[in-house]
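In: Here's my sequence, what's the structure:
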Amino acid sequence: MEPINPSHYPATRAAAVVEHYINYKMGTPHRLYERQQVTSASKESIAGVGNKYHLTFSIKDTINKQPEIICTAEVLYCSDKTSPPDVKFTLQPNPENYTATKDQEFYTKMKNNKKPLVAENIPDKFGNVASDMEPIWNLAIAAAGFVKWKYSTEETLFAMTVIDKVEQQMRDDALELLYNLQIHEMVTQEMISWQIEVTWNPSKGVKIKKQKRLPKRF
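Out: Numbering: from 1, shown residues only. The predicted model follows:
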């Protein structure tokens, strides 16, 4: 086990992977988490397997006024790079479901739409997200967490930047949205177009039905 500087790229990029994974697993239209400063980090090289990072940092709900939560995590990057990073995390304390009422209200409203939602260019050219689109934007970040986690390596750092288009697919048992997103790979500065078909309901959380990388824009 080798201690590493918690403020350097290897530690902060691994912590970003944990953030993406947490938002994919726990994010809702009214709750998202952002990593704070990494306070301790070490690296374990496992022969024939890959590099495992051991991390401690806090996470903060970016939408609601809640106390910071301490996160201890392990991120294993496989040497062959054919598998997503193996992420394990523990939160202390484990957050309560304090957005349940808002989430249920949003779910009911969307399910009662007389016409399926269709929207484009979120945020707008001034960087603004309309208030009625905020839950749609937040859900996109949670869903994009799956892609950002799955395709992360030790050399990447992903951020979702824009919803090009979102279309609601009507179904009975969940809210289903088809997103076309722009994901920024900040190390190479590449903008990647991605399509994600996501289902969500308040009891089962985010599920990725389909996802694919779209052709480059020219």
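
In: sec struct for the most centrally placed residue in the chain, please.
Out: For the chain, the residue nearest the mean C-alpha position is G145 (2.2 Å; Cα atoms, centre = their mean). Put simply, G145 is helix when judged by DSSP: H, G, I helix; E, B strand; the rest coil.

In: repeat for N23
Out: N23 ends up helix, using three-state DSSP.

In: my read is A14 is in a helix, agree?
Out: Yes. Under the criterion used here (three-state DSSP), A14 sits inside a helix.

In: Give me the pLDDT for it.
Out: A14 is assigned a pLDDT of 98 by the prediction.

In: ok so, going back, got a pLDDT number for the residue nearest to the centre of the chain?
Out: At G145, pLDDT is 98.

In: roughly how far is the strand ranked longest in the chain from the heart of the chain?
Out: Looking across the chain with DSSP state E, the single longest strand is strand 33-46. From the chain centre to the centre of strand 33-46 is a distance of 17 Å (Cα atoms, centre = their mean, to the nearest Å).

In: quick check: mean pLDDT across the next helix-or-strand element following that strand?
Out: Where DSSP states H and E defines the elements, the next helix or strand beyond strand 33-46 is strand 50-61. Model confidence over strand 50-61 averages 98 on the pLDDT scale.

In: Partner strands of strand 50-61 and their direction?
Out: Using DSSP bridges, strand 50-61 pairs in its sheet with strand 33-46 (antiparallel), strand 69-78 (antiparallel).

In: Those strands: which one's closest to S131?
Out: strand 33-46 (20.4 Å; Cβ to Cβ). In short, each C-beta sits where N, CA and C put it, glycine included.

In: Could you tell me which residues within the closest one count as buried?
Out: Under the neighbour-count criterion of 16 or more other Cβ atoms under 10 Å, strand 33-46 has 33, 35-36, 38, 41, 43 buried.

In: could you dump the residues you listed to a markdown table with distance to L181 and pLDDT?
Out: Converted to a markdown table, the buried residues of strand 33-46 look like this (distance: Cβ to Cβ, whole Å; pLDDT from 0 to 100):
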| residue | distance to L181 | pLDDT |
| --- | --- | --- |
| Y33 | 19 | 98 |
| R35 | 20 | 97 |
| Q36 | 25 | 97 |
| V38 | 27 | 98 |
| A41 | 30 | 98 |
| K43 | 31 | 98 |
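
In: hmm, who's touching stretch 33-45?
Out: Residues outside stretch 33-45 that contact it (Cβ atoms under 8 Å, 6 or more residues apart in numbering): 1-7, 10-12, 14-16, 18-19, 22-23, 26-27, 51-62, 68-69, 71.

In: Tell me the buried residues within these.
Out: The buried subset of the contacts of stretch 33-45 (16+ other Cβ under 10 Å) comprises 4, 6, 10-12, 14-16, 18-19, 22-23, 26-27, 51-61, 69, 71.

In: Now do the same contact list for A14.
Out: Contacts of A14 by Cβ under 8 Å, 6+ apart are 41, 53, 55, 73, 75, 154.

In: mind running it again at 7 Å?
Out: Shown in contact with A14 (Cβ atoms under 7 Å, 6 or more residues apart in numbering): 53, 55, 75.

In: just those now: which is nearest L117?
Out: V75 (35.2 Å).

In: Cheers, nothing more for now.
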